[in-house]
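A.B. asks: Okay, here's the prediction I keep looking at, along with the sequence it came from:
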Amino acid sequence: MASISTKIGRFSLENPVILASGILDETSGSILRSLKSGAGAAVTKSIGTEERKGYQTPVISEIGTGLLNAVGLSNPGIDNFVEEYRNFPEKKRTIVSIFGGKVEEFVSLARKVEGIGFDKVELNLSCPHVKGVGSEVGQDLGMVEEIISEISGKTNLQIWAKLTPNVTDLISLAKASEKADAYVLINTLRATGVEIYSRKFVLSNTVGGYSGPGVKPVALRAVYDVYKETGKDIIGVGGITTWQDAIEFFLLGAKAIQVGTAILYEDYPIFNKINSGIRDYLDKEGFSKLDDLVGVMVGDAAFKNH
Amino acid sequence: MASISTKIGRFSLENPVILASGILDETSGSILRSLKSGAGAAVTKSIGTEERKGYQTPVISEIGTGLLNAVGLSNPGIDNFVEEYRNFPEKKRTIVSIFGGKVEEFVSLARKVEGIGFDKVELNLSCPHVKGVGSEVGQDLGMVEEIISEISGKTNLQIWAKLTPNVTDLISLAKASEKADAYVLINTLRATGVEIYSRKFVLSNTVGGYSGPGVKPVALRAVYDVYKETGKDIIGVGGITTWQDAIEFFLLGAKAIQVGTAILYEDYPIFNKINSGIRDYLDKEGFSKLDDLVGVMVGDAAFKNH
Amino acid sequence: MLHSRIIELNKENKDVFTLKFDSTIAAMPGQFIMIWAPGGKEIPMSLSDTSNPPTITFRTFGETTKTIAKLKVGDRFFYRGPYGNSYPVPTGRVAYVAGGTGLASINAMLLKYRGDVYVGARTKEDLFLLRNDFKIATDDGSAGFKGTVIDLFLPHVNEYDYIFVCGPEPMVKTMLDRIDRKIKAKVYISLERLMKCGVGICDSCSINGVRVCKDGTVFSMEEVLSLSEFGVYKRNEAGKIEFFVNGKR
Amino acid sequence: MLHSRIIELNKENKDVFTLKFDSTIAAMPGQFIMIWAPGGKEIPMSLSDTSNPPTITFRTFGETTKTIAKLKVGDRFFYRGPYGNSYPVPTGRVAYVAGGTGLASINAMLLKYRGDVYVGARTKEDLFLLRNDFKIATDDGSAGFKGTVIDLFLPHVNEYDYIFVCGPEPMVKTMLDRIDRKIKAKVYISLERLMKCGVGICDSCSINGVRVCKDGTVFSMEEVLSLSEFGVYKRNEAGKIEFFVNGKR
Ligand SMILES: Cc1cc2nc3c(=O)[nH]c(=O)nc-3n(C[C@H](O)[C@H](O)[C@H](O)COP(=O)(O)OP(=O)(O)OC[C@H]3O[C@@H](n4cnc5c(N)ncnc54)[C@H](O)[C@@H]3O)c2cc1C
Ligand SMILES: Cc1cc2nc3c(=O)[nH]c(=O)nc-3n(C[C@H](O)[C@H](O)[C@H](O)COP(=O)(O)OP(=O)(O)OC[C@H]3O[C@@H](n4cnc5c(N)ncnc54)[C@H](O)[C@@H]3O)c2cc1C
Ligand SMILES: Cc1cc2nc3c(=O)[nH]c(=O)nc-3n(C[C@H](O)[C@H](O)[C@H](O)COP(=O)(O)O)c2cc1C
Ligand SMILES: Cc1cc2nc3c(=O)[nH]c(=O)nc-3n(C[C@H](O)[C@H](O)[C@H](O)COP(=O)(O)O)c2cc1C
Ligand code: FES
Ligand code: FES
């Protein structure tokens, strides 16, 4: 049977299906549940310096092609996080997502995360609906570069840079982040929704992030564009719901994938479902390991294939 | 019964449903058919200086949440266009979409279009998959500004600026285009798709444009953002398939809408279907005219409502 | 988001209302909907009648419930759902134990199945949806038994084959602490937690990785007993842990 | 894009092949699919057998058809569809008139309904899918009647209640120019035009605003007669008008 293990930087994963940030990963109990349900790793909900309630409900709205959300980066703040996760048993398979508005904030968050024994952070440079953080930071190339080089200078953490697709020039953004160990592509698309009988926005924050099946074509393109230019390790995310979706991302260069919104449709069994689908595909298509699939449609490998 | 007529700049339309550029509007016969089938107006396929075959097939790929296309701006070139449309009977209700790589090209195209009696052009500043034109031009604020001011200086054409959503800062782009009579928002999203058993791209051009239901949340957000900032006339486009979709766009500030991909699902009856749905909604919700709906969720009007 | 019209809105007592809305939904007792006050919040609400047209019964706690209570017959009513699992079908002798607005969810069962009903409230004035044969407990003794509904119920616990419980977490916790865990009855408990999404993805309602909104709201007593966080702490809107201070809320 | 496996690939003559693929599709005679040579083009192809597993029958014109013809049994076969409308069900006496690869589409009818078949080709070597009772015309007289299939057929036109025609546009045009428009038979014609999308949105196959791929490919004679562009000009891949020069292609 084909091997589906993978490696992101120096992190070896038994399987390539990772829980995305913001979905069922606020509480330590839920993160453990995803890991027990077959996730290769899990990313926490994004944690900031201070406790944040997030936006008032409605914070999500299901639409035909996916999900709109503006949860508003609700999180207990790093100190409460540290409290809850100090004795957490799965620190190696859990990546802590952090967000901030300044370089120092990111560094201080990263240090606290490392302080209790985590060894990987995902930088949320991409949340599209909160002022002063997320994609507002993530569009500032100088700042992105500084955040990453500061964290990599001042900690031993492995750094995953989660980039925003809401930009003109994703390649420059990727290049500004090249000191990261891996790219995570993509966060949600800036979007909105309307309820026509009340004539109100479906999210209390008016504008939110769009995820789920409807964003997959954009996510695939982002992975392709960045892999072609940089060849770096990429974690694909955006609309992945089936194992077929996952294969598409691998073919364009992703070494692992994350699932978020699909949990709404498939619930916890999704991890095992995607994993066994990938294994099956590799076997049937004659690949002995997942790595042989990664990026075969891109660059030299693809040209050989044509 | 409520009135559904609308006005874009000095152009009065009997109804607000317009055929989008690139869908069933290469041949004059098809444009007439849309107008006869209930479209308030029609935009032609984008016309350039030279004859272009476009990309080889496959140029479209249906996916669950919409459509990927990379037709590649196939068009007969302006001189053949002029030939075919010289005696076209519906010049006032037809907007000629033009594209080019240089300011002079746009101006020369516009003049030829005006020369045979058309009075409106739509500037394709946004096609996401052809090198050197479309969104590559449309991301250059200085050039966008110059194209529009040159055409408005040198012709009497009404100008619709069709903008790309694939940018970091749509507002600045809109401001650079503010001499246009109206904004058309949005063109397709840059995207791609993969066939996993052949391990090939589903479009011959690898990357293409994404349209249909899956892009609606992004299009709504673009209309909202630009209307809130500029208050200008906007034609909403992107994923509109039902009259309910159309209402959503009006509520966020669009004065008219365009339909493209939805023709794949609903065919020519879509124009009358959307129009009667809008009329019905206005009647049932107690609006006497479409205009009373435009932008009510945005700015002052919306604040009064809260 | 679904939309319908209000067809009845009745005041049950000083701050409890029952709202009937013009929809046809396929729901089972124990399920809830997320109701929306346009421009305001979206909140979870049990169906107090799962036949069609359905009803909700709610206390005016704050902004949203107050806004909804002020609507009129004919006004639009917005919601999504139904969500969550439902109570199992009981057989044999059945008891229902409801604290506060927990009776709303229990009421949906009473409209379908018989059983003895134990209801608790602070005072007589807080009671609603009463029937003649209800066994009542009030904190101040203004109606029925003086004390908690748990005090009233526990002496009878061995008389039943099925026991359904819905009420505030501290009330349920008290019962679990005092009940004989080897009891012959099957005990099912509907839980309440802060809910943002209602569909199992935001994690705001989770207790030890179990989501009240999606894995519940109805759990067997054994499941609830396995949750070490239950009755000990809950989470605020930021996800921060907040310990329960006293047995009441 | 659908994928299946090739289960048969037979050479019919020097450059015509029939390919059977392992799919179950609900198609009717006259419908077509878009077949794809991965990494290469996507082209329209009529189903020559609409039962399951279905077949296509094609001449190796250029890149794509040549690529497909080189595939082997067991290889993957990619397509989408079926698309287009279908031939109506005939009653009474029926004639089929096929020019060139137009016989592929007519063949799907022959597998379901009886009738007289008139087939035209350049030479004997270009014939394929022949049956004993076919009435044949070749340009060079190497088989059957010397001349066009229209010349062969027209004298018999009044013998039929239903006539089905499929062939190159100039051939159809010739027939329309010469046929008695008041004829008693119902005449249905399947058209061919350059097709990029196959699903009615790209406008590349349109004749006077009528899409061959979606409004057709099968039209009544009256419909075709109403198309002023038909047989006069077609469009190239750029949408540019190109006049037909001679009656052959
Ligand atoms: C699954 C589920 C089903 C529910 N079913 C019902 C029902 O059938 N009938 C009913 O009356 N209520 C029910 N509730 C509780 C109901 O959702 C809250 O009363 C409501 O959210 C209050 O909203 P508000 O905007 O009116 O008050 P807010 O302004 O949000 O709150 C006002 C005050 O009430 C407190 N409060 C709010 N919600 C709760 C709560 N759930 N528990 C305790 N205190 C709270 C707040 O902390 C605050 O102090 C249910 C809750 C859940 C999770
Ligand atoms: C609805 C429909 C059904 C069809 N059904 C069949 C069928 O059952 N069997 C079959 O053999 N063919 C059929 N065709 C024609 C078939 O699509 C073409 O032969 C094919 O596109 C050629 O592709 P290629 O890549 O092999 O050749 P290309 O490399 O594209 O072309 C090679 C040469 O052939 C010419 N050519 C290509 N297509 C056509 C055409 N449609 N008509 C005339 N000349 C053409 C080109 O102009 C070029 O000169 C059908 C076409 C349509 C529109
Ligand atoms: C409800 C919700 C909350 C999210 N919160 C976060 C977050 O806190 N930090 C973050 O980096 N991404 C967040 N995301 C984005 C996801 O991690 C992911 O990038 C995006 O949803 C696309 O993947 P999907 O289509 O699989 O959901 C959130 C997404 C959703 C739907
Ligand atoms: C097949 C196809 C071809 C298109 N060609 C053009 C074009 O030539 N010029 C242009 O400005 N937009 C073109 N578009 C974009 C559409 O006009 C429209 O902006 C986009 O499809 C979103 O709208 P929709 O979801 O209603 O299709 C094309 C879209 C499709 C699907
Ligand atoms: S309310 Fe979101 S997971 Fe339960
Ligand atoms: S092939 Fe595209 S419209 Fe017919």
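C.D. replies: Cool, got the structure. Numbers count the residues shown, from 1 in each chain, chains lettered A, B, ... in the order given. Ligands and ions are numbered 1, 2, ... in the order given.

A.B. asks: got the CA coordinates for stretch C:31-48 in CSV?
C.D. replies: Extracted in CSV, the C-alpha atoms of stretch C:31-48 (Å, rounded to 0.1, in the frame of the first residue of the first chain):
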residue,chain,number,x,y,z
GLN,C,31,-34.1,20.0,18.1
PHE,C,32,-33.4,23.7,18.0
ILE,C,33,-33.3,26.5,15.5
MET,C,34,-31.1,29.6,15.2
ILE,C,35,-33.4,32.6,15.2
TRP,C,36,-32.3,35.9,13.8
ALA,C,37,-33.4,39.5,14.6
PRO,C,38,-32.3,41.2,11.4
GLY,C,39,-29.6,43.8,12.1
GLY,C,40,-29.2,42.1,15.5
LYS,C,41,-28.0,38.8,16.9
GLU,C,42,-28.8,35.2,16.0
ILE,C,43,-29.5,32.9,18.9
PRO,C,44,-30.4,29.3,19.5
MET,C,45,-33.9,28.4,20.5
SER,C,46,-35.5,25.0,21.1
LEU,C,47,-38.7,24.1,19.3
SER,C,48,-41.4,23.9,21.9
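
A.B. asks: Can you tell me the closest non-neighbouring residue to A:P217?
C.D. replies: B:A191 (3.4 Å; CB to CB, 6 or more residues apart in numbering or on different chains). From N, CA and C alone the C-beta is placed, and that goes for glycine too.

A.B. asks: That neighbour bridge partners, please.
C.D. replies: B:G208 (DSSP bridges).

A.B. asks: what comes up buried for the longest strand along chain C?
C.D. replies: In chain C, with assignment by DSSP state E, the single longest strand is strand C:2-11. By neighbour count on 16 or more other CB atoms under 10 Å in any protein chain shown, the buried set for strand C:2-11 is C:H3, C:S4, C:I6, C:L9.

A.B. asks: Now do the helices in the chain.
C.D. replies: Using chain A here. Counting by DSSP state H, chain A has helices at residues A:28-36, A:78-85, A:103-115, A:135-138, A:141-154, A:170-176, A:216-230, A:243-251, A:262-266, A:270-285, A:299-305.

A.B. asks: I was thinking of chain C, sorry if that wasn't clear
C.D. replies: Applying DSSP H to chain C gives helices spanning C:63-69, C:102-110, C:149-153, C:169-178, C:221-225.

A.B. asks: Low-confidence stretches in chain A?
C.D. replies: A:300-306 (pLDDT under 70).

A.B. asks: Find the closest residue to ligand 5 in it.
C.D. replies: A:L24 (6.8 Å; CB to the nearest ligand atom).

A.B. asks: residues in contact with that residue?
C.D. replies: Residues in contact with A:L24 (CB atoms under 8 Å, 6 or more residues apart in numbering or on different chains) are A:S30, A:I31, A:R33, A:S34, A:I263, C:G200, C:I201, C:C202, C:D203, C:S206, C:R211.

A.B. asks: do C:F77 as well
C.D. replies: So C:F77 contacts C:H3, C:S4, C:R5, C:I6, C:L19, C:F21, C:D22, C:I35, C:L71 (CB under 8 Å, 6+ apart).

A.B. asks: and A:L13, how many residues sit next to it?
C.D. replies: Counted with other CB atoms under 10 Å in any protein chain shown, residues neighbouring A:L13 total 18.

A.B. asks: and what of A:G134?
C.D. replies: Neighbours around A:G134, by other CB under 10 Å: 25.

A.B. asks: How is chain C partitioned into domains?
C.D. replies: Using automatic domain parsing, the domains assigned to chain C come out as C:2-83, C:94-243.

A.B. asks: measure the last one end to end?
C.D. replies: When you say that, I think you mean domain C:94-243. Using CA to CA, to the nearest Å, one end of domain C:94-243 lies 33 Å from the other.

A.B. asks: before we move on, what about the first one?
C.D. replies: Distance between the boundary residues of domain C:2-83 (CA to CA) amounts to 13 Å.

A.B. asks: Show me which residues of chain C sit near ligand 1.
C.D. replies: Residues of chain C found near ligand 1 (CB under 6 Å from any ligand atom) are C:32, C:41, C:43-46, C:56-59, C:61-65, C:101, C:104-105, C:192-193, C:195, C:217, C:249.

A.B. asks: List buried members of these by neighbour count.
C.D. replies: Among the residues of chain C next to ligand 1, those classed as buried by 16+ other CB under 10 Å are C:32, C:41, C:43-46, C:56-59, C:64-65, C:101, C:104-105, C:192-193, C:195, C:217.

A.B. asks: ok, the closest residue to C:T123 other than its chain neighbours - contacts?
C.D. replies: Of all residues not flanking C:T123 in the chain, C:S142 sits nearest, at 4.7 Å (CB to CB, 6+ apart). Contacts for C:S142 (CB under 8 Å, 6+ apart) come out as C:T123, C:K124, C:E125.

A.B. asks: If we only consider those residues, which is nearest to chain A?
C.D. replies: Among those, C:E125 lies closest to chain A (CB to the nearest CB), at 29.6 Å.

A.B. asks: residues near the closest residue in space to that closest one that isn't next to it in sequence, how many?
C.D. replies: Spatial nearest neighbour of C:E125, excluding adjacent residues (CB to CB, 6+ apart): C:K14 at 5.8 Å. Applying other CB under 10 Å, we find 10 residues neighbouring C:K14.

A.B. asks: For C:K14, grab phi and psi.
C.D. replies: Torsion angles at C:K14 (phi, psi; degrees, to the nearest 10) stand at phi -60, psi -30.

A.B. asks: A:T65 now?
C.D. replies: Torsion angles, degrees, to the nearest 10, at A:T65: phi -110, psi 10.

A.B. asks: and the stretch 51-200 of chain A, which of its residues are near ligand 6?
C.D. replies: Checking the stretch 51-200 of chain A against ligand 6 by CB under 6 Å from any ligand atom, there are no hits.

A.B. asks: Let me see the contact set for whichever residue of the stretch 51-200 of chain A sits closest to chain C.
C.D. replies: Using CB to the nearest CB, the single residue of the stretch 51-200 of chain A nearest to chain C is A:S198, 3.3 Å away. For A:S198, the contact set (CB under 8 Å, 6+ apart) comprises C:H3, C:P38, C:G39, C:R76, C:F78.

A.B. asks: mind putting these in CSV, distance to ligand 5 and pLDDT included?
C.D. replies: CSV is the format used below for the contacts of A:S198 (distance: CB to the nearest ligand atom, whole Å; pLDDT from 0 to 100):
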residue, distance to ligand 5, pLDDT
C:H3, 22, 96
C:P38, 20, 94
C:G39, 21, 86
C:R76, 24, 97
C:F78, 18, 98
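
A.B. asks: Next, name the residue at the spatial heart of chain C.
C.D. replies: C:G102 (3.1 Å; CA atoms, centre = their mean).

A.B. asks: Tell me who's in contact with A:A42.
C.D. replies: A:I18, A:L19, A:D25, A:I31, A:S34, A:L35, A:E90, A:R93, A:T94, A:I95.

A.B. asks: Drop anything exposed from the residues you listed.
C.D. replies: Buried, going by 16+ other CB under 10 Å: A:I18, A:L19, A:D25, A:I31, A:S34, A:L35, A:R93, A:T94, A:I95, out of those.

A.B. asks: Can you flag which of the buried ones among the residues of chain C next to ligand 1 belong to strands?
C.D. replies: C:F32, C:I43, C:P44, C:M45, C:S46, C:I56, C:T57, C:F58, C:R59.

A.B. asks: Taking the stretch 1-150 of chain A, what residue is nearest to ligand 6?
C.D. replies: A:T65 (24.0 Å).

A.B. asks: Give me the distance between that residue and ligand 4.
C.D. replies: 11 Å (CB to the nearest ligand atom, to the nearest Å).

A.B. asks: can you pull the contacts of that residue?
C.D. replies: Counting by CB under 8 Å, 6+ apart, A:T65 has contacts A:G212, A:P213, A:G214, B:T65, B:G66, B:P213, B:G214, B:K216, B:P217.
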